[in-house]
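K.L.:
Quick one: sequence plus predicted model below, questions after.
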Amino acid sequence: MPQVTYGKLNPSIYLHNIEFENCGNGNYNPELSCIIVSKINSQNNVEIKGISIHESTKRGIHLKGSSGTLIQQNVIYNTEGIGLFLQEGSEINNVIDGNIVLNPLSSNTLTAAD
């Protein structure tokens, strides 16, 4: 799974029209979803658009303390746990529009939040 590490710069990240299959790492770390956007502020330009996530061993898309992220027209199915997860309640000014989440699966590795 690709991983992006953020420094003091304000990067732009575009994930468009990508398929993620058998991703996540729920067996070892319940925090590792297919896509995690963590502590990104509105000065960054982050778009997750037209993504397919399926057969995941953890959540599909996970926002953690982030703002200004576009999550649009994604399809998430057959994932263990929540398809779209907002973790802290501090996630503001995000656009979540036109996404489809189907058939979330249960598992013995899920947390209480799932």
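P.N.:
Here it is on my side, so go on. Numbering: from 1, shown residues only.
K.L.:
Low-confidence bits of the chain, can you list those?
P.N.:
For the chain, the stretches flagged by pLDDT under 70 are 1-11, 25-31, 42-44, 108-114.
K.L.:
residue ranges for the strands of it, please.
P.N.:
Taking DSSP state E as the test, the strands found in the chain are 12-16, 19-21, 35-38, 45-49, 52-54, 61-64, 69-72, 75-77, 84-86, 95-97, 100-102.
K.L.:
so what secondary structure elements neighbour the second one?
P.N.:
To tie it back to what came earlier, the one meant is strand 19-21. strand 52-54 (3 or more C-beta pairs under 8 Å, 6 or more residues apart in numbering; DSSP states H and E). In this view, the C-beta of every residue, glycine as well, is placed from N, C-alpha and C.
K.L.:
re the thing from before, tell me which of the strands of the chain sits most buried.
P.N.:
By mean neighbour count, with neighbours taken as mean count of other C-beta atoms under 10 Å, strand 61-64 ranks first of these at a mean of 23.
K.L.:
on contacts alone, who are the packing partners of it?
P.N.:
Using 3+ C-beta pairs under 8 Å, 6+ apart, strand 61-64 sits against strand 35-38, strand 69-72, strand 84-86.
K.L.:
Would you mind saying which of these lies nearest Gly98?
P.N.:
For the helices and strands packed on strand 61-64, proximity to Gly98 was assessed by C-beta to C-beta; strand 69-72 is nearest, at 5.6 Å.
K.L.:
Same list (the helices and strands packed on strand 61-64) but as CSV, adding distance to His54.
P.N.:
Putting the helices and strands packed on strand 61-64 into CSV (distance: least, C-beta to C-beta, whole Å) gives the following:
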stretch, distance to His54
strand 35-38, 13
strand 69-72, 16
strand 84-86, 14
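K.L.:
what's the closest of these to Val46?
P.N.:
Using C-beta to C-beta, these put strand 69-72 closest to Val46, at 4.5 Å.
K.L.:
Let's see the closest one as PDB, backbone CA atoms only.
P.N.:
Backbone C-alpha positions of strand 69-72 (Å, rounded to 0.1, in the frame of the first residue of the first chain) are rendered in PDB as follows:
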ATOM      1  CA  THR A  69     -10.500  17.100   1.900                       C
ATOM      2  CA  LEU A  70     -12.700  16.100  -1.000                       C
ATOM      3  CA  ILE A  71     -14.100  12.600  -0.900                       C
ATOM      4  CA  GLN A  72     -16.400  12.200  -3.900                       C
END
